Structures are given as C-alpha cells and as structure tokens.
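**Student:** Pasting the sequence and the predicted coordinates here, then a few questions.
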Amino acid sequence: MKAATASLVVFWLTLPVGAPACAQETFTPVERFQIQSLSLAALPPLAPDPTNEAIGDPTAMALGATLFFDRRMSRNGEVACSTCHQIGSHFQDGLALGHGIGTMNRRTQPLAGVAWQRWFFWDGRKDSLWSQALGPLEKPQEHGLTRAWVAHFIAENFRDRYERIFGPMPDLSTVPPDAGPFTSEAYRQAWRDMKEADRHAVNRVFVNVGKMIAAFETSLTFSESRFDRFARALEEDSAPEGDANFSDQEIAGLKLFLGRGNCDSCHSGPRFTDDGFHNTGVPPVAGLPADRGRRDGLIQLFEDEFNCRGGFNAAPAGYCPPQEAFDMSLRQINRAFKTPSLRGSGLRPPYMHAGQFASLERVVDHYNQAPPAGVGRTEIAPLNLTAEERQALIAFLRTLD
C-alpha cells in the first residue's frame, strides 16, 4: 500500500473503528464515488494495441499459450513463463526473488490484468506487452536463450502454426543455432558475425514470439473480489449480502484507504494502481546490486531496439510518444519503482520489488512509520495510525483477494 506526502484529510468522512452503521448510510457521496472508481465494474474495455497485429487473433493466442507453458523454451529445458507466473497466484510466485535458471534481483510481478498496464517490469524498461515478453527469454537467470535459438525452435516445432499467423517463415539455413546480443561472449560474437539480413530475419521471428505470448496474456484478467461485490451493492443501493457484507472493521479500513491513509493517491482505479513510479523509502536488500529503479529503467527503455519507436511495431507513424515526453528529474525517479496492483495482494506475500516485507502487516507498518529513504527522496510521510486503525486497514486490503 502506498501513500503520498500530500494528503487530503477530511476528518468528518472517517468512521471510527467498530462503529455500527448501515453500509448505504456510512459513506458520503464523495466516498461512494471513490468506491465505484475502484470497482472492477469500472475497468474500461481493453484498448487496442496498434503495435501488435497478433492481438485478438485466436490462432496467435493459442500458440502464445502453448509457448507460455512450454518448458523447452529454456536453456535447461526446465523453465517456462509459467514457472514464475503461476496460475493459482494471479500468475505470480511466492518467492521474494524470482527464480528461473538462476535467481533474479527482483520479485516476479503478477500478470492478472497485465494488458491494461502502460509500463512493464518494476522499472518500466519496456513499453509494450510483447516487448516485455522478450526480455526474460534472453536473460541468463531466467530462460537463458538466444534469439537465433528461439527462431530455430519455432521453425522446427511450430512452423505451420506460425505461418498461419505471420506468413512464410524466413530462411534460417545460414543462421547459426545459437546467436544473440546477450548471454555469453561466444553468442554475442556469433551474432556480430551474422549478415544483417539474417539478423533482421531472426529479430522478426523473435518479435513475433513476443507478440503471440502477449496475445495470450491479454486473456489474463482479474477475478471479482469481495470488495467488488460490496461496491456493486452500494451502486445498486441494496444491502450487501453473503461475503459481500463488510464488517465494521473492514468499512473503517476502507474509509482509511480513501481518506487519512491517502492510499488511493497511488493505488487508484479498478486495478488499484496509477501505473506510476514512486520512491517510498523501501530499503535495499543486503547482498543485492544497487537498484536505482526507474532511473535505470528509462535509460534501458530508450536504448531498447524493441521499444515503441523501434522498427518492429505495427503502429502508424506518430503513435509513439517522443523521448522528451519521459523527461523526469533524476532526483524524482531515483529508486522509484512501479506501483503494484493491490488486487489479490493478501494472497501474494512477500511484498515490494525485492520481497523486502514478509506480510501485509509489515507493509502497513512501513507506510505508517515512513522511514527516510536510503537513496533518493521518499514521497511518503508518517500516517500515525493507531493499532486499531492499522488492523482495520489490513482487514480491508484482504477484501481485495
């Protein structure tokens, strides 16, 4: 849960913990509007992605799903996308640090609702869902593959299915079995030694793999939560029934979330995220490399050949924003990380970008105390919640599961 420094405090909106009240009478018109804005019913239709021609193609979605679960798509034959993005946990895992072939430096992010995101990874170094899908394939600690290996794998195992989507597979007869700009020096040298036409052909197949996986991932949406059923009852001016009926403690927690806690300044909208990047003073993890978050993510985004302004998206000219649109002060973005969705968060410990906090209680304690940032400048100030208010806020957060 995030909270910003500038907090709009409206004391008369706050319901004391434990105060009995009819749900319809408990909330002011302003609060009811806020509640509806957070409801899953407010999630807009998925906007078209003009950079990915495979979106909405059932054949592409089906092959993307096959590749998502195929463990052969890794150097050791044991790691698939689904290894870290597990079905039973909003397509996340329960690890503090993601683990594929090796261990990463950050926590795996959930994929439920991923198609509505604007930026990808904790630092936003990717600006499309299809380019995000490519990153782990070439990372030694994750899948450990090269682009040439992926292209040959698709040609040898899924040629017919691929060609029904994208047309004829390019001639890969002069392409080495393993070559790419990352991983080992031997593979990088093999990539440099390739003809430009062969590199382009491999890149095209590689990009299309990402586009098919992204087409599948657009189907990974949120499940309705207790909160959504509660919000629907309020919208219909009916009494919440069954598990949609909130306890006095949960109502008090919701009011804190909307009011004095100011949590919805960052965890806003039906996905409970503003898609922004914030430094909230989360401490680094001993033994891990220094992590500057969005500061380094922007640099990587601008240098990425698969970014929106690169030559591999299907968007018309002028669709992608200019680089100047992302000009932010280094002080503002240093050690800033993307706001995660709170949906299902009670079922997905540990928390933060490197699993720093083991429980929701520890997360709330952090925002309640707002310690100084070790690097950069934190955006949060102490909330000074009582023990009772702290428990109420946690109770509300669990209604999002």
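**Tutor:** Thanks, I have the structure now. Residues are numbered from 1 along each chain as shown.

**Student:** how about low-confidence regions in the stretch 301-401 of the chain?
**Tutor:** The stretch 301-401 of the chain contains residues with pLDDT under 70 at 323-331.

**Student:** per-residue confidence at residue 88?
**Tutor:** Residue 88 is assigned 81 on the pLDDT scale.

**Student:** what secondary structure does it sit in?
**Tutor:** Of the three states, residue 88 takes helix according to DSSP: H, G, I helix; E, B strand; the rest coil.

**Student:** repeat for residue 152
**Tutor:** Under three-state DSSP, the three-state class of residue 152 is helix.

**Student:** Next up, the contacts around it.
**Tutor:** 172, 175, 177 (C-beta atoms under 8 Å, 6 or more residues apart in numbering). C-beta: built from backbone N, CA, C; applies to glycine.

**Student:** And the second one, how far from residue 74?
**Tutor:** Which is residue 175. Noted for residue 175: a distance of 20 Å to residue 74, by C-beta to C-beta, to the nearest Å.

**Student:** which of those two has more neighbours?
**Tutor:** Shown here are residue 175 and residue 74; by other C-beta atoms under 10 Å, residue 175 has more neighbours (23 against 20).

**Student:** Tell me the spacing between that one and residue 191.
**Tutor:** 10 Å.

**Student:** shared neighbours, these two?
**Tutor:** Common contacts of residue 175 and residue 191, defined by C-beta under 8 Å, 6+ apart, comprise residue 148.

**Student:** Determine how far the helix or strand harbouring residue 229 lies from the middle of the whole chain.
**Tutor:** Using DSSP states H and E, residue 229 maps to helix 226-235. Distance of helix 226-235 from its chain centroid, counting by C-alpha atoms, centre = their mean, to the nearest Å, is 25 Å.

**Student:** contacts for that helix?
**Tutor:** So helix 226-235 is in contact with 23-24, 27, 32, 35-36, 38-41, 239-246, 254, 396, 399-401, going by C-beta under 8 Å, 6+ apart.

**Student:** Any of those buried? List them.
**Tutor:** Among those, those classed as buried by 16 or more other C-beta atoms under 10 Å are 23, 27, 32, 35, 38-40, 240, 244, 246, 254, 396, 399-401.

**Student:** Strands along the protein, start to end?
**Tutor:** Counting by DSSP state E, the chain has strands at residues 277-278, 337-338.

**Student:** So which elements touch the last one?
**Tutor:** Using 3 or more C-beta pairs under 8 Å, 6 or more residues apart in numbering; DSSP states H and E as the contact criterion, the elements in contact with strand 337-338 are strand 277-278.

**Student:** next one: the first one
**Tutor:** In terms of contact count using 3+ C-beta pairs under 8 Å, 6+ apart, strand 277-278 is assigned the packing partners strand 337-338.

**Student:** contacting residues around the closest residue to residue 70 other than its chain neighbours?
**Tutor:** With sequence-adjacent residues excluded and distances taken as C-beta to C-beta, 6 or more residues apart in numbering, residue 70 is closest to residue 80, at 5.7 Å. By C-beta under 8 Å, 6+ apart, residue 80 lies in contact with 68-71, 73-74.

**Student:** Just name the closest of those residues to residue 268, please.
**Tutor:** Set against residue 268, the nearest of the contacts of residue 80 by C-beta to C-beta is residue 68 (29.5 Å).

**Student:** Among the contacts of residue 152, which one sits closest to residue 198?
**Tutor:** Closest approach to residue 198 among these (C-beta to C-beta): residue 175, at 5.1 Å.

**Student:** Contact partners for the closest one?
**Tutor:** By C-beta under 8 Å, 6+ apart, the residues touching residue 175 are 148, 151-152, 194, 198, 201-202.

**Student:** Distance to residue 49 and pLDDT added to these, as a markdown table?
**Tutor:** Below are the contacts of residue 175 laid out as a markdown table (distance: C-beta to C-beta, whole Å; pLDDT from 0 to 100):
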| residue | distance to residue 49 | pLDDT |
| --- | --- | --- |
| 148 | 27 | 98 |
| 151 | 23 | 98 |
| 152 | 28 | 98 |
| 194 | 30 | 98 |
| 198 | 28 | 98 |
| 201 | 24 | 98 |
| 202 | 23 | 98 |
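
**Student:** Residue 363 contacts residue 351, doesn't it?
**Tutor:** Yes: contact criterion C-beta atoms under 8 Å: residue 363 and residue 351 qualify, at 5.1 Å.

**Student:** between the contacts of residue 152, which is closest to residue 301?
**Tutor:** Proximity of the contacts of residue 152 to residue 301 (C-beta to C-beta) peaks at residue 175, which lies at 27.9 Å.

**Student:** First-to-last residue distance for stretch 165-178?
**Tutor:** Across stretch 165-178, the terminal residues are separated by 25 Å (C-alpha to C-alpha, to the nearest Å).

**Student:** Just the mean pLDDT for it, thanks.
**Tutor:** For stretch 165-178, the mean confidence score works out to 97.

**Student:** From the centroid of the chain, which residue is nearest?
**Tutor:** Here the mean C-alpha position of the chain is nearest to the C-alpha of residue 109 (C-alpha atoms, centre = their mean), at a distance of 5.2 Å.

**Student:** Now do the contacts for that residue.
**Tutor:** Residues in contact with residue 109 (C-beta under 8 Å, 6+ apart) are 92, 121-122, 340.

**Student:** Would you reformat these as a markdown table and include neighbour count and distance to residue 181?
**Tutor:** As requested, the contacts of residue 109 are arranged in a markdown table below (neighbours: other C-beta atoms under 10 Å; distance: C-beta to C-beta, whole Å):
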| residue | neighbour count | distance to residue 181 |
| --- | --- | --- |
| 92 | 21 | 29 |
| 121 | 18 | 18 |
| 122 | 22 | 23 |
| 340 | 23 | 30 |
